[in-house]
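# Dropping a prediction and its sequence here:
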Amino acid sequence: MTKEPPLVTILDDEPAIRSMLSDALNEAGFRTRAFARATEFEAALKTTTPDVCLVDLSLPDRDGLSLVHRLALEQGASVIIISGRAQVQDRVTGLELGADDYIIKPFDPAEVVARVRARLRNSSIASQSGQTAHFNGWTARFESYTLTDEDGQETPFSHAEGEVLRLFLERPKRLISRAMMQEMLGGAAGESFDRAMDVRISRLRTKLREDPKAPRLIKTIYGAGYIFLGDVSWS
């Protein structure tokens, strides 16, 4: 049975943007579904499981940022924001809420195709190393985006947080530099990426009940990067 191409959903209220993105992605071999309003998009999610969601922040019927947050936590799809908001704080906020990448309008459609491919490549590589990791009394289930402690209590994490966690779990006791994080996770390097990584790591530490002043698992090596100190096994 032939596997269907990855599905990319497009949420943007501008018809020209929807058409341009659909044409570029279809030509690149992806399936697409495009929506003008958040309500239509959310209704489709009940029966559709996209691989990547392209989301504009300026929607006529919904705040795009809150939608990004929900997608990151509930859908398990990669989320790429496409927005005319170019301020650093807007980019940081979007990435903090769980988006995997942020593209500023106007853009080259070829850039969007490349970013979509990068997200899917990361997901494909990740799936090859297993979906469940065990470390220091914790179980991380990447198919359901949950952390489970020794007592069975579950804590959800977003797709973006999961990418950072997996990066650590696949390279325990090795220095991971900011440059390596940017290369492995994709996205544009710069202040917004660095701050988003800081927030994701802080949230992971909170979910792992780390002491922020003396974390035991995710250690910061100032000026160099991070090291994950746990013992990890995969299943």
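Sure, I can see it.

# This structure: helices as residue ranges?
15-27, 38-45, 64-74, 88-96, 109-128, 159-169, 178-185, 191-207 (DSSP state H).

# Give me whichever of these is most buried.
Comparing the helices of the chain by mean neighbour count (mean count of other CB atoms under 10 Å), helix 159-169 ranks first with a mean of 23. Every C-beta, even on glycine, is put in place using the N, C-alpha and C of the backbone.

# what packs against that one?
Judged by 3 or more CB pairs under 8 Å, 6 or more residues apart in numbering; DSSP states H and E, helix 159-169 is in contact with strand 78-83, helix 109-128, strand 132-135, strand 138-141, helix 178-185, helix 191-207, strand 225-228.

# among those, which gets the worst mean confidence?
Here the helices and strands packed on helix 159-169 differ in mean pLDDT, and the lowest is helix 109-128 at a mean of 78.

# Domain parsing of this structure, as residue ranges.
Listed by automatic domain parsing, the domain ranges of the chain are 7-127, 130-234.

# Name the nearest residue to Met181, ignoring sequence neighbours.
Met197 (5.9 Å; CB to CB, 6 or more residues apart in numbering).

# is it true that that neighbour touches Val164?
Yes: taking CB atoms under 8 Å as the definition, Met197 is a contact partner of Val164 at 7.0 Å.

# Spell out which residues are contacts of both of the two.
Met181 (CB atoms under 8 Å, 6 or more residues apart in numbering).

# Below-threshold pLDDT in this protein: ranges please.
Counting by pLDDT under 70, the chain contains low-confidence residues at 1-2, 75-76, 122-130, 187-190.

# looking at the helices of the chain, which is closest to Gly223?
Comparing the helices of the chain against Gly223 with CB to CB, the closest turns out to be helix 178-185 (9.9 Å).

# Against which helices or strands is the closest one packed?
Judged by 3+ CB pairs under 8 Å, 6+ apart, helix 178-185 is in contact with helix 159-169, helix 191-207, strand 225-228.

# What is the burial count for the nearest residue to Asn136 once chain neighbours are set aside?
Spatial nearest neighbour of Asn136, excluding adjacent residues (CB to CB, 6+ apart): Gly230 at 4.6 Å. When neighbours are defined as other CB atoms under 10 Å, Gly230 has 18 of them.
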